[in-house]
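1. Sequence first, then the predicted structure:
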Amino acid sequence: MIQMKTKMTAAKAIVECIKREQITKVFCVPGESYLPLLDALYDEASIDLVSARHEGGASFMAEGYAKASRKPGVVLATRGVGAANLSIGVHTAYQDSTPMVVFLGQVHSKFRGREGFQEVDLDQFFKPITKWAVEVKDPERMPELVGRAFRIAQSGRPGPVVVSLPEDVLPAEAEMHFGPEITIPRPAPSDGEEVSVANSLIEADKPLIIAGGGVKLSQAEKELLRFAERFQIPVITAFRRHDVFPNNHPLYAGHLGLGTPKKVIETVKEADLILALGTRLSEVTTQDYTLLSAEQKLIHVDIEQEVIGKVYPPDVAIIADMKKALNAFTYMDISFAWPTWARECNQRYLEVSSLEVSEADVINKHIIKAMVDMLPADSIITNDAGNFAGWLHGFYPFTKSNTYVGPTSGAMGYGLPAALGAKLANPQRTVVSLSGDGGFMMTFQELETAVRENIPVIALVFNNNSYGTIRMHQEIHYPERVIGTDLGEVSFSALAKGVGAQGYTVSTIGEFKNALLQAQKSGLPTVIEILTNVEQISVSSTISSIRGQTPKL
């Protein structure tokens, strides 16, 4: 892009930077501290401003939009109070490696340090959960610093960047200098590193790939498939990265998450070579950092040097873009392949993931089966944190790339607003969110945003009148001493109708199928409330069984 020099306000310079990134959706809760920026957006027809009901919802929308669009999410909020509200989305973007740029209004420069109205030292407040946080004090530096924010958000391991905007800086005019189009470094493995990978594979009897978010961020799903097929290496996906590899492929060996079946764990423990590709080997993926052993050889490939060796010291460490790395590995000159081992791993996965249902199965599993049967294969699924997600993670087969948007941070309230962001990024695709009643109530207000903005998502709410995950842990550690986890009766279908959306309450699979069919036909935001029993607290456990098997601490 040709460098540009022109006189404009700092607020308009921000809009120009967003436009140059070809971002068409910006999320916010409006605030008086950044009115000049809102006014500048008024004049830009190419950017649609989506106003949310809560800053937390706005930040989740931006994060979900970023995941689904593969572009940075942009969210705006006012100074201290708005910033605090949206921090949950910033933390989610940080743990999920999602590119996001957050613009926050700030008090007047002359008022700083006096505990002005809603004053917070925003760059210091956000420093622990961002890649970079900066306050722009000189209007003429706005293009430079905002351009840098977009570059940092997308470079290396992507993540959130916060830009603090004193209210006196935004309306100030200056001669603005816009640099060339932002380019993102894409390092490739060296020749020596390729040789190390090849030699490690030659020596291996049971190699296994653990594929993470780096594959998605590099849009390297096809390259991963080609590499795995070339050498017949089984693939397991990291926590909530299901869609990096087709789950119906004969090389798929399962998902490492909460409640991972023992047979999938056995696959990892039996492997003598682990190729960790674009994963930070998180606490959940590694089952509380216990999954890998010193006897296993580890090749760790990631674009961020600080990720490599943070959990397990690798035998081979490679800093590289995942698409570049996988392309290089695919054409290594070795003739080895491991089809027998791969078949064993796939068979184990199939044994614990069958979607066959019977009358004895709880409605949750029937729901997943109906979703598979009734939704288009390219539907995007989002979810909140909660035990209900165990049925999704255990039984829903993600067969296409870019079809899953979930928080590795485990944030409650994520499902619905993330679905709105994903739908805005992909308006032609069906988007379905899954939530428990606890999490859904945290951001329910964004259903009004869906109605106002005409964003036809389908929200499934598993209602057991409980903070179910915490209730489960209570029963494990302190049986029958239930406190704080019981919730009251709420009609989510009635709430949905109250804001102008469609609402259904179902208790049988027949009722659910009819409601899902109507939701797909209507093209309207729809809530389907599914009445469930808290006794079936997880995929594999009931409250009674937990109480009977686990002693009190």
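-> Noted; the coordinates are in hand.
2. Just the CA trace of stretch 101-108, in PDB.
-> Extracted C-alpha coordinates of stretch 101-108, given in PDB (Å, rounded to 0.1, in the frame of the first residue of the first chain):
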ATOM      1  CA  VAL A 101      -7.400  -4.600  19.200                       C
ATOM      2  CA  VAL A 102      -9.200  -2.800  22.000                       C
ATOM      3  CA  PHE A 103      -9.700   1.000  22.000                       C
ATOM      4  CA  LEU A 104     -10.600   2.500  25.300                       C
ATOM      5  CA  GLY A 105     -11.600   6.100  26.100                       C
ATOM      6  CA  GLN A 106      -9.500   7.700  28.800                       C
ATOM      7  CA  VAL A 107      -9.800  10.800  31.000                       C
ATOM      8  CA  HIS A 108      -8.500  14.200  29.800                       C
END
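3. quick one: low-confidence ranges for this structure?
-> 1-4, 116-118, 535-538, 540, 548-553 (pLDDT under 70).
4. Now the closest residue to residue 74 other than its chain neighbours, what are its backbone angles?
-> Nearest in space to residue 74, with sequence neighbours left out and distances taken as C-beta to C-beta, 6 or more residues apart in numbering, is residue 26 at 4.7 Å. For glycine as for every other residue, the C-beta is placed from the backbone atoms N, C-alpha and C. According to degrees, to the nearest 10, the main-chain angles of residue 26 amount to phi -130, psi 140.
5. shouldn't residue 412 be in contact with residue 383?
-> No: under the contact definition of C-beta atoms under 8 Å, residue 412 does not touch residue 383, with a separation of 10.7 Å.
6. Neighbour count: those two, which is higher?
-> residue 383 (26 against 20; other C-beta atoms under 10 Å).
7. for that one, what are its contacts?
-> Applying C-beta atoms under 8 Å, 6 or more residues apart in numbering, we find residue 383 in contact with 389, 392, 406, 414-415, 433-435.
8. one more time with 10 Å, if that's ok
-> Residues near residue 383 by C-beta atoms under 10 Å, 6 or more residues apart in numbering: 240, 389, 392-393, 396, 404-407, 414-415, 418-419, 432-436, 439, 460.
9. Could you do residue 190 as well?
-> Here residue 190 is in contact with 196, 318-320, 328 (C-beta under 10 Å, 6+ apart).
10. cool, and residue 68?
-> By C-beta under 10 Å, 6+ apart, the contact set of residue 68 is 380, 382, 402-405, 418-419, 421-426, 429, 431.
11. most neighbours, which of the residues you listed?
-> residue 418 (35 neighbours).
12. Now the phi/psi pair for that one, please.
-> phi -60, psi -40.
13. Against residue 443, how distant is it?
-> To residue 443, residue 418 is 9 Å away according to C-beta to C-beta, to the nearest Å.
14. okay, and the common contacts of these two?
-> 57, 60-61, 384, 411.
15. Just the buried ones from those?
-> 57, 60-61, 384, 411 (16 or more other C-beta atoms under 10 Å).
16. Please identify the one among those that lies nearest to residue 5.
-> Residue 5 lies nearest to residue 61 out of these, by C-beta to C-beta, at 34.3 Å.
17. May I have the secondary structure class of the closest one?
-> With DSSP: H, G, I helix; E, B strand; the rest coil as the basis, residue 61 sits in helix.
18. Could you verify my assumption that residue 414 touches residue 89?
-> Yes: assessed by C-beta atoms under 10 Å, residue 414 is found in contact with residue 89 at 8.5 Å.
19. shared neighbours of these two, anything?
-> Both residue 414 and residue 89 are contacted by 56-57, 59-60, 63-64, 407, under the criterion C-beta under 10 Å, 6+ apart.
20. about what we covered before: just put the buried ones among the shared contacts of residue 418 and residue 443 in a markdown table and tack on distance to residue 96.
-> Shown next, in a markdown table, are these (distance: C-beta to C-beta, whole Å):
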| residue | distance to residue 96 |
| --- | --- |
| 57 | 17 |
| 60 | 11 |
| 61 | 14 |
| 384 | 14 |
| 411 | 9 |
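21. what two of those have the greatest distance between them?
-> Of all pairs in these, the most separated under C-beta to C-beta is 61 and 384 at 14.2 Å.
22. Just give the nearest non-adjacent residue to residue 159, would you?
-> residue 131 (4.3 Å).
23. Contact partners for the closest residue to residue 333 other than its chain neighbours?
-> Leaving aside its sequence neighbours, residue 333 sits nearest to residue 198 (C-beta to C-beta, 6+ apart; 7.4 Å). Applying C-beta under 10 Å, 6+ apart to residue 198 gives the contacts 329, 332-334, 336.
24. who wins for most neighbours among the residues you listed?
-> residue 329 (27 neighbours).
25. which SS class is residue 529?
-> strand.
26. which residues does it bridge with?
-> The bridge-partner assignment for residue 529, based on DSSP bridges, gives residue 461, residue 505.
27. residue boundaries of the helices in the stretch 251-400 of the chain?
-> Shown for the stretch 251-400 of the chain, the helices assigned by DSSP state H, counting those that start in this stretch span residues 262-270, 322-330, 339-352, 363-374, 389-395.
28. Kindly report the same for the stretch 401-550 of the chain.
-> 415-425, 437-442, 446-452, 468-477, 492-498, 509-522, 543-549.
29. Format the ones you listed as JSON lines; extra columns: distance to residue 342.
-> Output for the helices of the stretch 401-550 of the chain, formatted as JSON lines (distance: least, C-beta to C-beta, whole Å):
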{"stretch": "helix 415-425", "distance to residue 342": "32"}
{"stretch": "helix 437-442", "distance to residue 342": "37"}
{"stretch": "helix 446-452", "distance to residue 342": "43"}
{"stretch": "helix 468-477", "distance to residue 342": "34"}
{"stretch": "helix 492-498", "distance to residue 342": "44"}
{"stretch": "helix 509-522", "distance to residue 342": "35"}
{"stretch": "helix 543-549", "distance to residue 342": "35"}
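30. With respect to burial, which of the ones you listed scores highest?
-> helix 415-425 (a mean of 30; mean count of other C-beta atoms under 10 Å).
31. of the buried ones among the shared contacts of residue 418 and residue 443, closest to residue 95?
-> residue 411 (8.8 Å).
32. so that closest one sits right up against residue 94, yeah?
-> No: in this structure, residue 411 is not within contact of residue 94 by C-beta under 10 Å, at 11.2 Å.
33. Please parse the chain into its domains.
-> 4-178, 191-352, 363-549 (automatic domain parsing).
34. quick revisit: nearest to residue 85, of the helices of the stretch 251-400 of the chain?
-> helix 389-395 (24.4 Å).
35. In the stretch 101-250 of the chain, mark out all the strands, start to finish.
-> 132-135, 160-166, 173-178, 207-211, 235-237 (DSSP state E, counting those that start in this stretch).
36. what is the orientation angle of the lengthiest helix in the chain with strand 160-166?
-> In the chain, with assignment by DSSP state H, the single longest helix is helix 80-96. Interaxial angle, helix 80-96 versus strand 160-166 (axes from the mean of the first three to the mean of the last three C-alpha atoms, to 10 degrees): 160 degrees.
37. now helix 80-96, how far from the chain's geometric center?
-> When distances are taken as C-alpha atoms, centre = their mean, to the nearest Å, helix 80-96 is centred 14 Å away from the chain's centroid.
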